[in-house]
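**Q** Provided below for reference: sequence and predicted model.
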Amino acid sequence: MTLSEAEVRSQKVDELRSQGIEPYPSQSYARSHTAQQVREIFSQPGKELENGQSDPEEIPLRLAGRIISKRDSGKIGFIDLKDATDKIQLKIEKAIVTGEVGLSFEQIKKLLDVGDFVGVEGIGCRTPRGELSILVREFTLLSKATIQFPDAYYGINDPEVCRRHREMDLASNQESLNRFMLRSRIVQSIRSYLWKANFYEIETPTLQAIYGGAAAKPFITHHNALEVDLYLRVAPELFLKRAICGGFERVFELGKAFRNEGIDSTHNPEFTSLEVYQAYADVFDILTVVEDVICFAAAEIFGDVREIENQGETISLERKYDYSEKYPGFSGKHWQVKTMVEAVRDEFGLDFDSLDLESAISSATKLELHLSKLEKQSLGYVLYAVFDKLVVPKLIQPTFIIDYPVEVSPLAKGHRSKPGFVERFELFINGTEYSNGFSELNDPKEQRKRFEEQLAQKNAGDDEAHPMDEDFIQALSLGMPNCAGMGIGVDRLVMLLTNTQSIRDAVMFPTMRPVKDS
C-alpha cells in the first residue's frame, strides 16, 4: 500500500522522536541575522566573497526560517531557507554537520522536508557557481510540517485555495506576502498621519442596539443575558459624532464594520474602515484630510512617485487643481472636484438644474437606465441613479463628486446655497468609490425629520434605509459644533496602492462560503 504524503511525514515525526529529537521544541531560537542582513553584509565593499570562498573573518551567523527547496548531492546537500525578508541557500557538508550538536547530515537528508522550520548556525560562503550561501555547522529542527508544502516555484494558483487557506498562499507566494506586509504599512501610515494631525483615536461599540451611520442592511445577533437582539455595526459614525458633542474636537476610528450585503470585487461583508470627524470644519476641510491621508500612505509605499498603476490604468496622485476662486476658502492644490450635476452634464449633456421629474425620468430611459419605483419618486433620486450607474465607471483619475441630493444623504448638512442638495462628497478612482464625507448635520430637528423620511422609505420596502436613533438626536440636542466627517474604505485603499483586482485578495481572511461535506 502506498502511503500518502501526510502519512510519510507523520512517520518522520515518530522517527525523529525515537532518535531523541523533538519535532516541536519549546525553547526559543535566537537568531543573529535575517537572510536579507546576510546578503547586505557580503555586498559591502571589502566583504565580497569570491566564487568558492568562505568568509575569512568567520562572522558567526545564526538564522531561522522555512525550507522551501531541498537538494541532495552525495556528501553535500543544499537547502533554500526563507524568512520574512528574503531567501538564502544553505550548504550542508556531511563532514561538518555530524550531529554531535543538532541534526546530522543523514537526519537532514532523510527526515526533513520542504515546509519544515529550521534554525542554522554557520558562516558565509560563496559556492563555485557563485551562489551566496551559509556553510552550516549546526542544524536545528524547529517545527515539522506534516502536509505537503506548495510548489516553491509555482506556488498556489487557485484563487479559491489562496483565499480559503491564506497561510498556504502567504507561505508559497512572495507577491501575496508582500501585499499583506504593505497593507500593514498602509494601516500604520494612516494612524501615523492622523496622530500627527492631533486626532484622537477612540473605540466605539461593535454590538449596537440600533445600527446606523450608513444606508446598509445589518447582521443581527442575540444577547442571551440581556434578552435583546443586537446588530453588528454598519459604521461607527453616530458614536464618533456623539464624542464630538461631548467635547472632543478631532477623532477617528480605524476598525471593522459589517454589512449584510453581496460579495463582489469591491465588497466584503466584513471590512475595515477609517472614519474621521473634525469640529469647526466643513466639507472642503475634510476633503483635504482625505487627500492628505491617501497621499501620505502612498508616499510611505512609493516615496516621491506620483503615478501608480491600477488595473491597466495609470493613476496620477498629483494634486494640480486650484479651486480657490470657485469655492472661497478652499485653498491649495487638489484632485479634480465636480458637482454631481456637472459630472452628469459633462458625460451626457443632461442638465439636471433645468429638468423636471418627468423629463429626467424620460432622459434616463433614453440612456437605457432602468429606474426602480423608489428612484422615480424624486428628481434627486433620478440624478443619483444616472450618476451612480452610468457616470461612476468613467471616473478614472481621482475625482471628488460634491453636492449630493438630500434624498440619499440623511446625515449630511443641507447645502448652503442649493436647496435639495447637501454638502457631501465621494472620491472615485478608476470607477471605484474610495471615500465618503460631508459637512455634518447638527440641527436636531432637521435630523429627526431626515430619520422620519428614512423610516418612510423603510416602510416602502427599502431595507437599507436608516433607522430612527433617539439617543443620537439627544446628543445633537446637547449641541454639536459645526463639524465635518469622512470615511475611507481601507481595503479598497490597499487594493489601489497594491494594484489588486479583488477585495478578497486585499483582506487576509475574506468571508467565504463554507465547504460542504461530500
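**A** Thanks, I have the structure now.
**Q** I'd like to know how far residue 399 sits from residue 340.
**A** Note on residue 399: its distance to residue 340, by C-beta to C-beta, to the nearest Å, is 11 Å. Glycine gets a C-beta too; all of them are placed from N, C-alpha and C.
**Q** Name the residue in these two with the higher neighbour count.
**A** More crowded of residue 399 and residue 340, by other C-beta atoms under 10 Å: residue 340, with 25 against 19.
**Q** Quick check, pLDDT for residue 112.
**A** We note a pLDDT of 97 for residue 112 in this prediction.
**Q** Could you list the low-pLDDT ranges of this protein?
**A** 1, 152-155, 517-518 (pLDDT under 70).
**Q** farthest residue from the center of it?
**A** residue 95 (49.4 Å; C-alpha atoms, centre = their mean).
**Q** you'd agree that one is up against residue 104?
**A** No - at 11.5 Å, residue 95 does not count as touching residue 104 under the criterion of C-beta atoms under 8 Å.
**Q** Settle this for me: residue 96 is touching residue 139, isn't it.
**A** No - in this structure residue 96 lies outside contact range of residue 139 using C-beta under 8 Å: 9.9 Å.
**Q** Common neighbours of the two, please.
**A** With C-beta atoms under 8 Å, 6 or more residues apart in numbering applied, the contact sets of residue 96 and residue 139 do not overlap.
**Q** Comparing the two, which shows the higher neighbour count?
**A** Legend: neighbour count by other C-beta under 10 Å for residue 96 and residue 139, higher for residue 139 (24 against 15).
**Q** Might one say that that one is in contact with residue 106?
**A** No - in this structure residue 139 lies outside contact range of residue 106 using C-beta under 8 Å: 11.4 Å.
**Q** ok so, going back, who are the contact partners of the residue farthest from the centre of the chain?
**A** Per C-beta under 8 Å, 6+ apart, neighbours of residue 95: residue 75.
**Q** Ramachandran coordinates for it?
**A** phi -70, psi -20 (degrees, to the nearest 10).
**Q** which residues of the chain fall in helices?
**A** Ranges of helices in the chain, per DSSP state H, are 5-18, 35-41, 105-111, 159-164, 166-172, 174-196, 237-246, 283-302, 340-348, 357-366, 379-386, 444-459, 470-478, 490-498.
**Q** Please report the distance of residue 489 from residue 298.
**A** Note on residue 489: its distance to residue 298, by C-beta to C-beta, is 15 Å.
**Q** Just want to know which of those two has more residues nearby.
**A** Neighbours per residue (other C-beta under 10 Å) separate residue 489 from residue 298, with residue 489 holding more: 25 against 20.
**Q** bridging residues for that one?
**A** On the basis of DSSP bridges, residue 489 is bridged to residue 273.
**Q** Next up, the contacts around it.
**A** 271-273, 433-435.
**Q** Nearest to residue 307 among these?
**A** Taking C-beta to C-beta as the measure, residue 307 lies nearest residue 434 of these, at 16.9 Å.
**Q** what's the burial count for that closest one?
**A** 21.
**Q** what comes up buried for stretch 371-384?
**A** 371, 375, 378-384 (16 or more other C-beta atoms under 10 Å).
**Q** Repeat that for stretch 495-508.
**A** 495-498, 500, 502-508.
**Q** Kindly report the same for stretch 161-169.
**A** For stretch 161-169, burial by neighbour count (16+ other C-beta under 10 Å) applies to 162-164, 166, 168-169.
**Q** Ok, stretch 470-489 next?
**A** Neighbour count says stretch 470-489 has 472, 475-476, 480, 483-489 buried, by 16+ other C-beta under 10 Å.
**Q** and residue 103, how far is that from residue 290?
**A** 55 Å.
**Q** Next: residue 198.
**A** 17 Å.
**Q** And those two? Which one has more around it.
**A** Looking at residue 198 and residue 290 with other C-beta under 10 Å, you find the greater number of neighbours at residue 290, namely 24 against 9.
**Q** Contacts only, for the more buried one.
**A** 427, 435, 437, 486, 488.
**Q** Quick check: closest non-adjacent residue to the third one.
**A** This points to residue 437. residue 486 (3.0 Å; C-beta to C-beta, 6 or more residues apart in numbering).
**Q** Now do the same contact list for that neighbour.
**A** So residue 486 contacts 275-276, 286-287, 289-290, 435-438 (C-beta under 8 Å, 6+ apart).
**Q** Name the nearest of those residues relative to residue 216.
**A** For these, the nearest to residue 216 is residue 436 (12.0 Å; C-beta to C-beta).
**Q** Residues in a beta bridge with the closest one, which ones?
**A** Beta-bridge partners, per DSSP bridges, of residue 436: residue 426, residue 487.
**Q** Would you list the phi and psi of residue 510?
**A** The phi and psi values for residue 510, taken as degrees, to the nearest 10, are phi -70, psi 160.
**Q** Verify the stated contact: it with residue 503.
**A** Yes - taking contacts as C-beta under 8 Å, residue 510 lies within contact range of residue 503: 7.2 Å.
**Q** could you check the distance from the nearest residue in space to residue 193 that is not next to it in sequence over to residue 289?
**A** Nearest non-adjacent residue to residue 193, counting by C-beta to C-beta, 6+ apart: residue 296, 4.4 Å away. Note on residue 296: its distance to residue 289, by C-beta to C-beta, is 10 Å.
**Q** check contacts around residue 346.
**A** So residue 346 contacts residue 338 (C-beta under 8 Å, 6+ apart).
**Q** neighbours around residue 174, how many?
**A** 13.
**Q** Would you check how far apart it and residue 150 are?
**A** Residue 174 is 12 Å from residue 150, by C-beta to C-beta.
**Q** Then residue 16?
**A** Per C-beta to C-beta, residue 16 is found 23 Å from residue 150.
**Q** What is the neighbour count of residue 274?
**A** 22.
**Q** do the one 5 residues further on as well
**A** Residue neighbour count, defined by other C-beta under 10 Å, stands at 18 for residue 279.
**Q** who's it bridged to?
**A** residue 483.
**Q** re earlier: please report the distance of the residue farthest from the centre of the chain from residue 88.
**A** 22 Å.
**Q** Kindly report the same for residue 313.
**A** Counting by C-beta to C-beta - residue 313 and residue 88 are separated by 37 Å.
**Q** Which one of the two is surrounded by more residues?
**A** residue 88 (26 against 13).
**Q** what pairs with that one across the strands?
**A** With DSSP bridges as the rule, residue 88 is bridged to residue 81.
**Q** Check the gap between it and residue 125 for me.
**A** Distance, residue 88 to residue 125, by C-beta to C-beta: 11 Å.
**Q** which residues are common contacts for these two?
**A** Common neighbours of residue 88 and residue 125 (C-beta under 8 Å, 6+ apart) are 132-134.
**Q** Which of the residues you listed fall within strands?
**A** Under the assignment DSSP state E, these contribute 132-134 to strands.
**Q** Now distance to residue 419 and neighbour count too, for those, in CSV please.
**A** Below are those laid out as CSV (distance: C-beta to C-beta, whole Å; neighbours: other C-beta atoms under 10 Å):
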residue, distance to residue 419, neighbour count
132, 71, 18
133, 74, 24
134, 73, 25
